[in-house]
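>>> sequence first, predicted model second:
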Amino acid sequence: MNNRTDVLVVGGGATGTGIARDLALRGVDVTLAERGGLSAGTSGRSHGLLHSGARYAEADGPEARACLEESRTLAEIAGACVRETGGLFVQLTGDDPAYFEAKREACEEVGIPTEVVDGATARDEIPDLSDEVERAMRVPDGVVLPSRLVAANAADAREHGAEILTHAPVTDMRREDGRITEVDLGGEVGETIEPAYVVNAAGPYAGDVAALAGGTVDLRPTRGVMISVDYDRLEPVLNRCRDPDDGDIVVPHDDEVVLGTTSVPVDDPEEYERADWEVERSVEECAKMLPAVADAAHLRTWWGVRPLYEPEEAALDARGISRGFHLLDHADEDVANLATIVGGKLTTYRRMAEATADLACADLGIDADCETATRRLTGADDPERLDALVEEFDGQGPTDEDVVGV
């Protein structure tokens, strides 16, 4: 292994592997280090929604527009890593009709295609849909298979010269004259890397990684539960059209649906409570949209931890929606060659990676354009190859365990 590298990326989720791919396509020498297998953290423990932007339209128009644009990009470059299922925002009896109208108007302003149908029409499409659905709004939501997406980004990065190291936790960093000079990797690697630049894409562990170099990242991580149940008669994503709350999304897979989710602050992204009430409440609330899931067999239950950025979250209410990603340059903390990327969504990982790669290249004096929006991912058209890459990178997460053939 070459111990010198232009950029060391810490974190092997969608953002980290996306950054590695972006940099490698620009001709940058890049090494990625992940503490476990790829997609072991937030990316691989999500509900797998490919956002159209409708969920954020009335709260944050620019972020909604970014989701719309990036979901369209992924439809072009990601192949079997995504499914274009469509989505429905449903208004139940007792839900505020003004909220429905505000979302519809906001979607129109953002440019998100919508179609409003009455409850009877929606039930013709989804026979098990609740009788309480008064109307619904079609939007171009979809499903992303994060294990495949992350593995494909890593493989593409590797094909263009990147080194992908799994089970390689960062254990220490050393700096001289305000720059990181050495990074120790433990686990199965046991090597010291000498990077010119370090990108911290460690998700909920980003604060711990930054602290090794004397940097600070103020996170307010929250946990959320997902429950996969046995149900094979849903095609579009279902969203409850109300202020964000527990149990307001149902995401279809082949023979299952994923129900979620909750939002509970945690102190430690590794050790936290997995509460039964979260499961019970999520199922109960999702069943108000799709009653059949109330009695469906539970196949898998998992929690994910969101790396929400503290200064932003503190400005929102308890269940406020995070408004995009944050790219932190640690130069003002006397760590001139360290950047941290936090927040954001799986749907916008490629845009997050582009912004981060731009910053790293500026520091290194590299003039090269981003190409990730127009080049198809490695293996995108070959599900079997994608699944083999997931296995190679030890990248299987619970979100898409029923679909990915590992």
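Great, that's in hand. Numbers count the residues shown, from 1 in each chain.
>>> just the pLDDT for the residue of the chain most remote from its centre.
When distances to the mean C-alpha position of the chain are computed (Cα atoms, centre = their mean), the maximum falls on D177, with 35.2 Å. D177 is assigned 96 on the pLDDT scale.
>>> one more: M1?
63.
>>> now swap in G320 and tell me
At G320, the predicted lDDT confidence score is 49.
>>> quick one, what contacts G215?
Taking Cβ atoms under 8 Å, 6 or more residues apart in numbering, we find G215 in contact with 200, 330, 333, 335, 338, 340. The C-beta positions use only the backbone N, C-alpha and C, and glycine is treated the same way.
>>> need the three-state assignment for it.
G215 carries the three-state label coil when classified by DSSP: H, G, I helix; E, B strand; the rest coil.
>>> quick revisit: restricted to strands, list the contacts of G215.
200, 338, 340 (DSSP state E).
>>> who does the first one bridge with?
In other words, N200. Here N200 sits in beta bridges with V10, T340, as judged by DSSP bridges.
>>> ok, which stretches of the stretch 251-400 of the chain are helices?
For the stretch 251-400 of the chain, the helices defined by DSSP state H, counting those that start in this stretch cover 276-287, 310-313, 349-364, 383-392.
>>> most tightly packed of these?
Ranked by mean neighbour count, the helices of the stretch 251-400 of the chain are led by helix 349-364 with a mean of 22 (mean count of other Cβ atoms under 10 Å).
>>> could you flag which of the contacts of G215 are buried?
Taking 16 or more other Cβ atoms under 10 Å as the criterion, what is buried in those is 200, 330, 335, 338, 340.
>>> okay if I get these as a markdown table plus pLDDT and distance to V133?
Shown next, in a markdown table, are the buried ones among the contacts of G215 (pLDDT from 0 to 100; distance: Cβ to Cβ, whole Å):
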| residue | pLDDT | distance to V133 |
| --- | --- | --- |
| N200 | 98 | 44 |
| H330 | 97 | 49 |
| V335 | 97 | 52 |
| L338 | 98 | 49 |
| T340 | 98 | 42 |
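>>> between these, which is closest to I366?
L338 (17.0 Å; Cβ to Cβ).
>>> and the closest one, how far from T222?
According to Cβ to Cβ, to the nearest Å, L338 and T222 sit 25 Å apart.
>>> state the mean pLDDT of stretch 265-285.
Mean per-residue pLDDT for stretch 265-285: 96.
>>> just the CA trace of it, in PDB.
In PDB, the C-alpha atoms belonging to stretch 265-285 read as follows (Å, rounded to 0.1, in the frame of the first residue of the first chain):
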ATOM      1  CA  PRO A 265     -31.700  12.500  20.300                       C
ATOM      2  CA  VAL A 266     -28.800  10.300  21.300                       C
ATOM      3  CA  ASP A 267     -25.600  11.000  23.100                       C
ATOM      4  CA  ASP A 268     -23.500   8.100  21.600                       C
ATOM      5  CA  PRO A 269     -24.100   6.900  18.000                       C
ATOM      6  CA  GLU A 270     -22.800   3.400  19.000                       C
ATOM      7  CA  GLU A 271     -24.600   2.900  22.300                       C
ATOM      8  CA  TYR A 272     -28.200   4.000  22.500                       C
ATOM      9  CA  GLU A 273     -31.600   2.700  23.500                       C
ATOM     10  CA  ARG A 274     -33.700   0.800  21.000                       C
ATOM     11  CA  ALA A 275     -37.100   1.400  22.400                       C
ATOM     12  CA  ASP A 276     -40.200  -0.800  21.800                       C
ATOM     13  CA  TRP A 277     -42.500   2.200  21.800                       C
ATOM     14  CA  GLU A 278     -40.700   3.500  18.700                       C
ATOM     15  CA  VAL A 279     -41.600   0.300  16.800                       C
ATOM     16  CA  GLU A 280     -45.100   0.200  18.100                       C
ATOM     17  CA  ARG A 281     -45.800   3.800  17.300                       C
ATOM     18  CA  SER A 282     -44.300   3.700  13.800                       C
ATOM     19  CA  VAL A 283     -46.400   0.600  12.900                       C
ATOM     20  CA  GLU A 284     -49.500   2.100  14.400                       C
ATOM     21  CA  GLU A 285     -49.100   5.400  12.500                       C
END
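>>> who does F325 form a beta bridge with?
Beta bridges link F325 to G343, judged by DSSP bridges.
>>> residues in contact with it?
Counting by Cβ under 8 Å, 6+ apart, F325 has contacts 341-344, 348, 351-352, 355.
>>> could you rerun that using 10 Å?
Contacts for F325 (Cβ atoms under 10 Å, 6 or more residues apart in numbering) come out as 15, 63, 66, 307, 309, 312, 341-345, 348-349, 351-353, 355-356.
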